[in-house]
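[1] could you look at this predicted model? Sequence included:
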Protein chains: 2
Amino acid sequence: MYIRKQRLLTPGPTPLYPPALHAMMASDIHHRTEDFRKIYKSALAGLKEVMGTSNDVLCFTASGTGAMEASVTNLFSHGDKVIVCSAGKFGERWGQIAKAYGLQMTLIEHGYGGTIAPERVEVALRAEPGVKGVFLQASETSTGAEHDVESIGKIVQQYPEALFVVDAITGLGTMPLEIEAWGLDIVIGGSQKSFMIPPGLAFMSVSPKAWERAKTATLPHFYFDMAKEKKNGDLGESAWTPSTALILALDEALKYVNGMGIKTLVSNAQMLAKATRAAAAELDLKVFAERPGSSVTALCPPAGLDSGKIVKGFREKFNSIITNGQGSMKGQIFRLAHLGYFDITDMFGVIAGLELILRANGVPVELGKGVAAVQRVYEESLTS
Amino acid sequence: MYIRKQRLLTPGPTPLYPPALHAMMASDIHHRTEDFRKIYKSALAGLKEVMGTSNDVLCFTASGTGAMEASVTNLFSHGDKVIVCSAGKFGERWGQIAKAYGLQMTLIEHGYGGTIAPERVEVALRAEPGVKGVFLQASETSTGAEHDVESIGKIVQQYPEALFVVDAITGLGTMPLEIEAWGLDIVIGGSQKSFMIPPGLAFMSVSPKAWERAKTATLPHFYFDMAKEKKNGDLGESAWTPSTALILALDEALKYVNGMGIKTLVSNAQMLAKATRAAAAELDLKVFAERPGSSVTALCPPAGLDSGKIVKGFREKFNSIITNGQGSMKGQIFRLAHLGYFDITDMFGVIAGLELILRANGVPVELGKGVAAVQRVYEESLTS
């Protein structure tokens, strides 16, 4: 037995940024005081900066699914026609929420690993006049696939009645997202992803077009009240009691992220994803997603090897937590995360560990070969 | 620019054990209360367990040098004959303290990188009757060398007048130390080493023979008062106001270390040191110490390359802190630590980084070769 530090290598919760963790120690604060208002305002301003938008940004004490629900209940009415793009577990979640609230849904589906081609959205919008909203994942965390948000956004923009609602929970900080230019009416984020803090906060940017819609939407809601959050947020407060510890952490993490700039954060994840794909190629592991993004890379184990064995190997040999496939993909893929507070040294460890785990499972692997691919990507990225 | 997490790869401070760090948050406690006495007693008992001794163990709010001074001022008198073994910067420190307090010193020296052969101690003891103490480093942190503490201890044991005073600040947790069997009268440790917490506490085990001596020793001292610490320690208190935050951290870290057992901690450091030496061999880097220990491995850079360039490479390319040589060894060696809260995944990252740094300095290195050596050592250690 040896020391094995626990390492989270998962696409959320992601590794914590230590100063943000330490900032939570100042939680002995009341949320209806000027001291806290200053922090809350600063965090909201930081969120706008990180999202690169002048749209309003709201913060909910909830995990990301709460903000997904908020976008449905605050912007739609019973029976509204919507298009749901679904290419994985989180796409299915949009469908579940739409169904729970009685929306009239056109489902554009693709099997796990694929993405929805923008043309399919265009065809669906043309075929069904009066669509009030299009729902999409920027990055589908369950498969590591990334959607062409820009192209879909530019299509939806041509339909003045349709809001484009984007779950960017793992998209933010891992891919470019031009909220205004691409017509992203709602963009949703979560604290435990690129924001490097624990779960418990969800964010949402809201376009003027979405606010217009909110005025006439009639679905019931209470806790997730966008207009109320906006009104209170402008005063430096939240509608309900907020998770003060997480707001303190968020404000600290945002200083770090905005200090380096969102572009740096994105290129960091992209470099790590590229390094992972290079290592996978050396180790003869197939990348699962047709259009792989940079939040998480889903890899297929060699034929005949259950991906659970890889997950178990990381846990037992290295005390590292990686994720298996979700739902029907369980056993078929394993996922290595890149979003948020990950660096190249993490990746050296992940790939060196993966090589040993593959060998322990009878896969012939030349030690150091995958690591060398990671090293080369980093070396080239520093000189280019 | 990419995210580069700061990593301490130094032989002290070493990486912190997170639950110990978090335990410091309970510092809102008074040191003259039953609540704190319970913790202090538990920490002292934990120290005895980790040191594997029934000798008394004292704790000082000071860094290791404070306990080194305490061993001199509490156990010796002006003009006492002592033998100081010196084979590096910390050996020199024993000499400086002995000199500051007017001890009559026989210096057994060896150049940096070597160790003092036990026979030399035997010869010196025989040549100079009436020696009152022998001072040694178990592990010489400045060079990565490890002394043969057992052999020297068994020699000193034959001289009833001589106390054997061992600075084990980096020896504890990295090598076997049989305090009673080997006749180690004083064994000194420091919090920021294998104890995985920040600097600020020093420990000391005291044999009955040393306590006897303390009764007649006449060197002046006040803050570092062993008898006073013992008396207070038995009651669960410290002589003076203690570093409460660090005691809380220590108690937490000791639960972890004693949970795995000191033998596991030692074999962890030994395995990491072995892996580092295996990587060094692949990368054509010479191990500096003739008798390398497992607290830290000092490596010589390729001819013509200043070791400062390696240190700088770790800082700039990876935000990792490694140490250069100390004093005259500056530029000649660089040191990679293994003691305390280090694991094999750390080592994958260190060696992968080192390979890239060597290449950036014009040293032809085949990427992944050193990492593969580390992987092989770990793979073999798991099956053996």
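    Good, I have the coordinates. Numbering: from 1, shown residues only, chains lettered A, B, ... in the order given.
[2] chain center to the lengthiest helix in chain A, what's the gap?
    Once chain A is assigned using DSSP state H, the helix that runs over the most residues is helix A:262-282. In terms of C-alpha atoms, centre = their mean, to the nearest Å, the centre of helix A:262-282 is found 16 Å from the chain centre.
[3] okay, helices next: where are they in chain A?
    Counting by DSSP H, chain A forms helices over residues A:18-23, A:34-51, A:64-75, A:89-100, A:118-127, A:149-156, A:208-214, A:226-234, A:244-260, A:262-282, A:307-318, A:344-360, A:369-383, given from the N-terminal end onward.
[4] in the fourth one, which of the residues would be classed as buried?
    Read that as helix A:89-100. Applying a neighbour-count criterion of 16 or more other C-beta atoms under 10 Å in any protein chain shown, the buried positions in helix A:89-100 are A:89, A:90, A:91, A:92, A:93, A:94, A:95, A:97, A:98. C-beta coordinates here come from the backbone N, C-alpha and C atoms, glycine included.
[5] how about the shortest one?
    For helix A:18-23, burial by neighbour count (16+ other C-beta under 10 Å) applies to A:18, A:20, A:21, A:22, A:23.
[6] dump the residues you listed into JSON lines; add distance to residue A:2 as well.
    As requested, the buried residues of helix A:18-23 are exported to JSON lines (distance: C-beta to C-beta, whole Å):
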{"residue": "A:18", "distance to residue A:2": "24"}
{"residue": "A:20", "distance to residue A:2": "30"}
{"residue": "A:21", "distance to residue A:2": "26"}
{"residue": "A:22", "distance to residue A:2": "28"}
{"residue": "A:23", "distance to residue A:2": "33"}
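[7] still on that earlier bit, compute the inter-axis angle for the longest helix of chain A and helix A:244-260.
    Orientation of helix A:262-282 against helix A:244-260 (axes from the mean of the first three to the mean of the last three C-alpha atoms, to 10 degrees) gives an angle of 90 degrees.
[8] and helix A:262-282, what does it pack against?
    In terms of contacts (3 or more C-beta pairs under 8 Å, 6 or more residues apart in numbering or on different chains; DSSP states H and E), helix A:262-282 is packed against helix A:34-51, strand A:286-287, strand A:296-300, helix A:344-360, helix A:369-383.
[9] report the contact partners of the most centrally placed residue in chain A.
    Most central in chain A under C-alpha atoms, centre = their mean is residue A:170, positioned 1.1 Å from the mean C-alpha point. Listed by C-beta atoms under 8 Å, 6 or more residues apart in numbering or on different chains, the contact partners of residue A:170 are A:11, A:12, A:138, A:139, A:141, A:193, A:194, A:293, A:295, A:296, A:339.
[10] ditto for residue A:232
    Residues in contact with residue A:232, defined by C-beta under 8 Å, 6+ apart, are A:238, A:239.
[11] tell me how far it lies from chain B.
    Residue A:232 sits 31 Å away from chain B, taking C-beta to the nearest C-beta, to the nearest Å as the criterion.
[12] could you measure from that residue over to residue A:58?
    9 Å (C-beta to C-beta, to the nearest Å).
[13] what do you get for residue A:289?
    As for residue A:289, its distance to residue A:58 is 30 Å (criterion: C-beta to C-beta).
[14] neighbour-wise, which of the two wins?
    residue A:58 (28 against 24; other C-beta atoms under 10 Å in any protein chain shown).
[15] for the residue in the stretch 101-250 of chain A that chain B sits nearest to, what are its contacts?
    Relative to chain B, the nearest point of the stretch 101-250 of chain A is residue A:196 (9.4 Å; C-beta to the nearest C-beta). Taking C-beta under 8 Å, 6+ apart as the definition of contact, the neighbours of residue A:196 are A:14, A:15, A:16, A:17, A:20, A:253, A:256, A:257, A:340, A:341.
[16] and chain A, what are its domains?
    Domain segmentation of chain A under automatic domain parsing yields A:7-13+A:262-383, A:18-260.
[17] what about residue A:55, how many neighbours?
    Taking other C-beta under 10 Å as the criterion, the count of residues near residue A:55 is 22.
[18] contact partners for it?
    Under the criterion of C-beta under 8 Å, 6+ apart, the neighbours of residue A:55 are A:48, A:179, A:180, A:205, A:206, A:207, A:208.
[19] which residue comes closest to it once chain neighbours are left out?
    Computed as C-beta to C-beta, 6 or more residues apart in numbering or on different chains, the closest residue to residue A:55 that is not its neighbour in sequence is residue A:205, at 4.5 Å.
[20] one step back: quick one: the domains of chain A as TSV, columns for mean pLDDT and distance to residue B:363 too.
    What follows is the domains of chain A, written out as TSV (pLDDT from 0 to 100; distance: least, C-beta to C-beta, whole Å):
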stretch	mean pLDDT	distance to residue B:363
domain A:7-13+A:262-383	97	13
domain A:18-260	97	30
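[21] got TSV for these, with distance to residue B:365 too?
    Shown next, in TSV, are the domains of chain A (distance: least, C-beta to C-beta, whole Å):
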stretch	distance to residue B:365
domain A:7-13+A:262-383	10
domain A:18-260	30
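[22] what about the closest residue to residue A:193 other than its chain neighbours, neighbour count?
    Of all residues not flanking residue A:193 in the chain, residue A:12 sits nearest, at 4.8 Å (C-beta to C-beta, 6+ apart). Other residues within reach of residue A:12 by the criterion other C-beta under 10 Å amount to 23.
[23] what parts of the stretch 151-300 of chain A come near chain B?
    With C-beta under 8 Å from any C-beta of the partner chain as the criterion, the stretch 151-300 of chain A comes near chain B at residues A:260, A:264, A:265, A:267, A:268, A:271.
[24] tell me the contacts of the fifth one?
    When contacts are counted by C-beta under 8 Å, 6+ apart, residue A:268 is found next to A:338, A:342, A:343, B:2, B:3.
[25] off-centre distance for stretch A:329-345?
    Using C-alpha atoms, centre = their mean, the offset of stretch A:329-345 from its chain centre is 13 Å.
[26] could you tell me the end-to-end distance of it?
    Distance across stretch A:329-345, first residue to last, is 29 Å (C-alpha to C-alpha, to the nearest Å).
[27] do that stretch and chain B meet?
    Yes. Stretch A:329-345 comes into contact with chain B when judged by C-beta under 8 Å from any C-beta, the residues involved being A:341, A:342, A:343, A:344, A:345.
[28] what comes up buried for that stretch?
    If you call a residue buried by 16+ other C-beta under 10 Å, then stretch A:329-345 has these buried ones: A:329, A:332-345.
[29] what does stretch A:287-295 give?
    Neighbour-count burial for stretch A:287-295 [16+ other C-beta under 10 Å]: A:287, A:288, A:289, A:291, A:292, A:293, A:294, A:295.
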